[in-house]
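Trainee: Below is the structure, and that's it, no one-letter string:
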C-alpha cells in the first residue's frame, strides 16, 4: 500500500492511499524464511514498478500479524508462527532484519524499514485517525487478535505510572494451557490435531476464518455418519480436508431462501442435496459462525470491562476499530458479535468502526511519526 501523509485542514493530517493485494503462495508460507521474504520483496518491487517509484528511497511501515517480542520500533523477534505459516529459519529472528536482507538480495530498489507494527495496533491507529475515542483494535479474519490501551500503572515491564500504553494481547493463544478444555468439541480437537501448530492458538481456532469452513465440514461428516444428512453418503470431496471453504459458510448464510446458492455449493462438492439437506447445512453453518461470534465477543468484553474497572468509570464510552475478512464479509457475524459484546458490557457504550484501508494505513501513520521524530532529532 502506498500512503501519502500530509498536512490537512485545522492541523489534521490528510491521508491518501493506493493499494494492491498479493496472495502468498503455499510454498512461501511453508518453505524457508528466505523464500518467504524474497517473495515479499518481489511484491514490493512489482508495486513500485506499477507506480513508477523505484527511483525513490521511501520509508516503509511493516505490518506483521504474528507474535513477536518487540524490542524496538523497527525490531521484533518472531516467537512462533500461526495461521498455517511455518517458514523455517524465522522463529527467534528479527523479522525486520529478514525483510531488509531480502530487499538487499533483490537489489533493484531501496527501502528504509522504519517501523514494524502488529496488525491490531495498526488497525487501532488507523481508526483513531477517524475517531479519537478508538482505544481498541481487533482483527477477525484468517486469525483473531486484539490490542487495547492499558493504564501505565498496570504495565509491569515499563517504568512510570502516568499515561497509557498499547498492549497487544495475542489472545489467539488463550487456551493453550487448558483454559478452554471444557468448551472444545470433538470437531475443535480434530481441527487442532491436523493443523500446523497442534495445541497452540486454540482460541483463534474457534473463531478464525482459516478454520471455520473446516469445522463445518467435520460437523457435516458427523451428520452423514449418523445417517442424518445426504442419505448417509458423503462425496469424496466432502471427505477431503479443506474442501468446505470458509467462503462457503458466508455464501450458505447469504442464501436468499430459495436454497439455490446452497444447492450449487453442495453440487460442486459432488453432492445431490434435498431441500432438507440444504436446511441442515445452513443450520450447521449458522451454529459454527454464531459460536465464533460469541467466543470472540467474550474476549472483547473481558478486555473492555477490564479497561473500565482500571479507570474507575461508572460508564465508559469507547470505540473499537475492527478489520478482517470474517468481520467484514460474513453476512451476520458482525451483528451477532455486536449484540453479544453489548450484553456482556452493560456499563459501557461501545461504538464499532471498520478500518477502511486495512492495517496498512495505521502502519504508515506510525512510520510517518517515526520519520518526523527522527528528523526532529537530526537523524
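Mentor: Okay, I see it. Please read these numbers as outputs of a predicted model, since none were measured by experiment. Residues are numbered from 1 along each chain as shown.
Trainee: just checking, residue 98 touches residue 88?
Mentor: No. When contacts are counted by CB atoms under 8 Å, residue 98 is not listed as touching residue 88 (11.9 Å). No exception for glycine: its C-beta is placed from N, CA and C like everyone else's.
Trainee: Which one of the two is surrounded by more residues?
Mentor: residue 98 (20 against 13; other CB atoms under 10 Å).
Trainee: Between residue 98 and residue 88, which contacts overlap?
Mentor: residue 33 (CB atoms under 8 Å, 6 or more residues apart in numbering).
Trainee: Strands of the stretch 101-250 of the chain, residue ranges please.
Mentor: Remark: strands assigned in the stretch 101-250 of the chain by DSSP state E, counting those that start in this stretch are 111-117, 134-140, 144-151, 164-168.
Trainee: could I get these as CSV with distance to residue 236?
Mentor: Below are these laid out as CSV (distance: least, CB to CB, whole Å):
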stretch, distance to residue 236
strand 111-117, 44
strand 134-140, 32
strand 144-151, 31
strand 164-168, 42
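Trainee: quick one, which of those is nearest to residue 81?
Mentor: Among these, the nearest to residue 81 by CB to CB is strand 144-151 (14.0 Å).
Trainee: ok, residue 153 touching residue 163?
Mentor: No. Using CB under 8 Å, residue 153 is not in contact with residue 163, being 9.4 Å away.
Trainee: and the residue nearest to residue 75 when sequence neighbours are not counted, what does it touch?
Mentor: Nearest non-adjacent residue to residue 75, counting by CB to CB, 6 or more residues apart in numbering: residue 94, 5.4 Å away. By CB under 8 Å, 6+ apart, residue 94 lies in contact with 71, 75-77.
Trainee: Just put the residues you listed in CSV and tack on pLDDT and neighbour count.
Mentor: Shown next, in CSV, are those (pLDDT from 0 to 100; neighbours: other CB atoms under 10 Å):
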residue, pLDDT, neighbour count
71, 88, 11
75, 92, 15
76, 92, 23
77, 96, 17
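Trainee: Is it possible to get a markdown table of those that adds distance to residue 295 and secondary structure?
Mentor: As requested, the contacts of residue 94 are arranged in a markdown table below (distance: CB to CB, whole Å; DSSP: H, G, I helix; E, B strand; the rest coil):
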| residue | distance to residue 295 | secondary structure |
| --- | --- | --- |
| 71 | 32 | strand |
| 75 | 33 | strand |
| 76 | 28 | strand |
| 77 | 29 | strand |
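Trainee: ok, so of these, who is nearest residue 129?
Mentor: residue 76 (23.1 Å).
Trainee: in the sheet, who's paired with the residue most central in space within the chain?
Mentor: Nearest to the mean C-alpha position of the chain, counting by CA atoms, centre = their mean, stands residue 139 at 3.9 Å. Beta bridges link residue 139 to residue 145, residue 323, judged by DSSP bridges.
Trainee: Just the residues contacting stretch 271-289, thanks.
Mentor: Contacts for stretch 271-289 (CB under 8 Å, 6+ apart): 212, 215-216, 219-220, 223, 228-230, 234-235, 237-238, 248-249, 252-253, 255, 259, 262-263, 266-267, 330, 332-333, 336.
Trainee: can you do 7 Å?
Mentor: Under the criterion CB atoms under 7 Å, 6 or more residues apart in numbering, residues 212, 215-216, 219-220, 223, 229-230, 235, 238, 249, 252-253, 255, 259, 262-263, 266, 330, 333 lie in contact with stretch 271-289.
Trainee: What distance do you get for the residue lying farthest from the centre of the chain to residue 111?
Mentor: Using CA atoms, centre = their mean, the residue of the chain lying farthest from its centre is residue 231. It sits 37.9 Å away. Per CB to CB, to the nearest Å, residue 231 is found 58 Å from residue 111.
Trainee: The longest helix seen in the chain: which residues count as buried?
Mentor: Ordering each helix of the chain by length in residues (DSSP state H) puts helix 275-311 first. Using 16 or more other CB atoms under 10 Å as the burial criterion, the residues of helix 275-311 that qualify are 277-278, 280-282, 284-286, 288-297, 299-305, 307-308.
Trainee: How many neighbouring residues does residue 171 have?
Mentor: Residue 171, neighbours per other CB under 10 Å, totals 22.
Trainee: what sits against it?
Mentor: 145-146, 203, 299.
Trainee: mind running it again at 6 Å?
Mentor: Counting by CB atoms under 6 Å, 6 or more residues apart in numbering, residue 171 makes contact with 146, 299.
Trainee: how about low-confidence regions in the stretch 151-300 of the chain?
Mentor: Counting by pLDDT under 70, the stretch 151-300 of the chain has no low-confidence residues at all.
Trainee: Leaving out the residues flanking it, which one is nearest to residue 57?
Mentor: Once flanking residues are discounted, residue 57 sits nearest to residue 110: 4.2 Å by CB to CB, 6+ apart.
Trainee: Same question for residue 125.
Mentor: Leaving aside its chain neighbours, residue 125 sits nearest to residue 362 (3.9 Å; criterion: CB to CB, 6+ apart).
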